[in-house]
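*Asks:* Requesting a structural model of the entry that follows:
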Amino acid sequence: LCPATVWSSSAPRTKFSSVSVVGGFAYGIDEGTLACVDLSNGERRWRAGRYGYGQHLLANGLMLIQAEPGFVALVKPNPDRLEEIARLPALNSMTWNPPTLAGRWLLVRNDREAVCFELHPPQ
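*Replies:* Next up, the predicted model:
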């Protein structure tokens, strides 16, 4: 078994985080903006939403994005467009730290503060 290049591209440029793969598409923060790339050909589908050099994680099919300015965004992966479904004010200053999810507890932090949120399933 020998690996072979499928495609090559300089995008997305994920400086501080990696991508999440959902259904043949990669979602990641590309120079401060969320982007979607088609993994079959390496072409960018869209690039939208300003999250700075934030971090994200994939949980229950949704992306939790800790944005560099401090807010947390919940994004539904969609290869056709950015679909931000919620935004939560969280930290009062910049962060590059990844969010942490432990069961129903969401923890976010920066160099000045830490915040814990209890998440409840939608009713």
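*Asks:* C-alpha only now, for contacts and for neighbours.
*Replies:* Noted.
*Asks:* Report pLDDT for Asn97.
*Replies:* Model confidence at Asn97, given as pLDDT, is 94.
*Asks:* burial count for His56?
*Replies:* Close neighbours of His56, defined as other CA atoms under 10 Å, add up to 25.
*Asks:* er, Leu58 actually
*Replies:* Neighbourhood size, Leu58 [other CA under 10 Å]: 19.
*Asks:* what's the helix or strand for it?
*Replies:* Assigned by DSSP states H and E, Leu58 belongs to strand 55-59.
*Asks:* for that strand, packing partners?
*Replies:* Applying 3 or more CA pairs under 8 Å, 6 or more residues apart in numbering; DSSP states H and E, one finds that strand 55-59 contacts strand 62-66.
*Asks:* and the strand it packs on, what does it pack onto?
*Replies:* strand 55-59, strand 72-75.
*Asks:* So the closest residue to Leu82 other than its chain neighbours versus Asp111, what's the distance?
*Replies:* Distances taken as CA to CA, 6 or more residues apart in numbering place Ala48 nearest to Leu82, at 6.3 Å, with adjacent residues excluded. Per CA to CA, to the nearest Å, Ala48 is found 28 Å from Asp111.
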